[in-house]
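*Asks:* 3D model of this:
(one chain, ligands or ions: 1)
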Amino acid sequence: MELKGKTAVVTGSTSGIGLGIAHAFAKAGANVVLNGLGTADEHAATVADVGRHGTKVVFDGANMLRPDEIGAMLEKAEADFDGVDILVNNAGIQHVSPIEDFPPEKWDAIIAINLTSSFHTIRHVVPAMKARNWGRIINVCSAHSIRASAHKAAYVAAKHGLAGLTKVVALECAKSGVTVNAISPGFVWTPLVEAQLPDIAKAEGVSIEEAKAIVLKRQPSGEFATVDQIGSLATFLASEPAAAITGSNYSIDGGWTTQ
Ligand code: NAD
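*Replies:* Numbering: from 1, shown residues only. You can find the predicted model right below:
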């Protein structure tokens, strides 16, 4: 798939799925604005890593908790690259806890980063995409945009919300050459999943290895999806042949949500 000459902003792309999507886009010829947390040295290394595919790659440290920083990141990207063609809303965090113990500040942060930041990015890019009659918005949702799991109140609420936002904006953009779709991975082996294992192990009274097996039980394939697979799907959705696909939510979950 060809993305030559396009510019993509991928939120939360210093790690895991976002980084996989950034690599896939750069390999397909797109310039990429990376974003996420971390140190200056880590960001420089990630820019060099994604930059080895030969396109222009820059980093912007906008915090997805801050609407002003989100706006500034997109304004800068539009100025530096003469427009943003592809937006991927991927930044996300997780917290696992029964509802009665769920810290309100964790609820607020998960809703802000996993849902509200996408409202801010989308409302910023849509006018220019509509004016150019071309745009691609891809929201990284989750199997948890379709199914629920105990102890993930904020995450499931945010991902269901993001799936709904995807459908609404797809309808609003349907005649404009701008497509809006969601990708819903099951479990993908990334730092976000790894960090949940101690809590699951504690809640279930099992070892970390057993917690990993519990996680994978949800996925009939018995295997984690990979960041490369998600990068390939995102690249297809961003490409020209995907022009008629909008408002869809693509599961990539080894069969989880068929159950
Ligand atoms: P990850 O922890 O590897 O990466 C998360 C990224 O988000 C990092 O780049 C991090 O720096 C960034 N981020 C976090 N808080 C931020 C903030 N305030 N501002 C800017 N950036 C911020 O996680 P991942 O597993 O790659 O998850 C990426 C997305 O995929 C998330 O939306 C997650 O919900 C979703 N997802 C992951 C899985 C999975 O199994 N890993 C499954 C379904 C959906």
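*Asks:* so who does S15 touch?
*Replies:* Listed by CB atoms under 8 Å, 6 or more residues apart in numbering, the contact partners of S15 are 36, 38, 190-191. (C-beta placed from N, C-alpha, C; glycine too.)
*Asks:* same thing but 6 Å
*Replies:* S15 makes contact with P191 under the criterion CB atoms under 6 Å, 6 or more residues apart in numbering.
*Asks:* over to the one 4 residues further on?
*Replies:* With contacts defined as CB under 6 Å, 6+ apart, the neighbours of L19 are S13.
*Asks:* could you say which helix or strand contains it?
*Replies:* Under the criterion of DSSP states H and E, L19 resides in helix 16-27.
*Asks:* which SSE is immediately downstream of that helix?
*Replies:* Downstream of helix 16-27, the first helix or strand assigned by DSSP H and E is strand 31-35.
*Asks:* which SS state does R136 fall under?
*Replies:* With DSSP: H, G, I helix; E, B strand; the rest coil as the basis, R136 sits in strand.
*Asks:* just give me the neighbour total for it.
*Replies:* Neighbour count for R136, taken as other CB atoms under 10 Å: 28.
*Asks:* what residues are up against the residue of the stretch 51-200 of the chain found nearest the ligand?
*Replies:* Ranked by CB to the nearest ligand atom, the top residue of the stretch 51-200 of the chain for proximity to the ligand is G92, at 2.3 Å. By CB under 6 Å, 6+ apart, the residues touching G92 are N114.
*Asks:* any idea how far E172 is from it?
*Replies:* According to CB to CB, to the nearest Å, G92 stands 24 Å off from E172.
*Asks:* just give me the neighbour total for E194.
*Replies:* 12.
*Asks:* how close does it sit to I138?
*Replies:* Separation of E194 from I138 (CB to CB): 24 Å.
*Asks:* hmm, back to that, checking the residue of the stretch 51-200 of the chain closest to the ligand next. Helix, strand or coil?
*Replies:* Using three-state DSSP, the three-state assignment for G92 comes out as coil.
*Asks:* now F59: phi and psi?
*Replies:* When read as degrees, to the nearest 10, the backbone of F59 gives phi -120, psi 140.
*Asks:* hey, what's it bridged with?
*Replies:* F59 has these beta-bridge partners by DSSP bridges: L34.
*Asks:* need the helices for the stretch 51-200 of the chain, in chain order.
*Replies:* Assigned by DSSP state H, counting those that start in this stretch, the helices in the stretch 51-200 of the chain fall at 67-81, 104-111, 117-132, 153-173, 191-194, 197-204.
*Asks:* mean pLDDT for those helices - can I get that in CSV?
*Replies:* Listed next are those as CSV, based on pLDDT from 0 to 100:
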stretch, mean pLDDT
helix 67-81, 98
helix 104-111, 98
helix 117-132, 98
helix 153-173, 99
helix 191-194, 87
helix 197-204, 90
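*Asks:* looking at the ones you listed, which is closest to Y250?
*Replies:* helix 153-173 (10.6 Å; CB to CB).
*Asks:* near the ligand, which residues of this protein?
*Replies:* 12-18, 35-37, 63-65, 90-93, 113-114, 140, 142, 185, 187-188, 190-193 (CB under 6 Å from any ligand atom).
*Asks:* and these, which of them are buried?
*Replies:* Buried residues within the residues of the chain next to the ligand, counting neighbours by 16 or more other CB atoms under 10 Å: 12-18, 35-36, 63-64, 90-93, 113-114, 140, 142, 185, 187-188, 190, 192-193.
*Asks:* pipe the helices of the stretch 51-200 of the chain into CSV and attach distance to E223 per row.
*Replies:* Putting these into CSV (distance: least, CB to CB, whole Å) gives the following:
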stretch, distance to E223
helix 67-81, 35
helix 104-111, 27
helix 117-132, 28
helix 153-173, 22
helix 191-194, 13
helix 197-204, 17
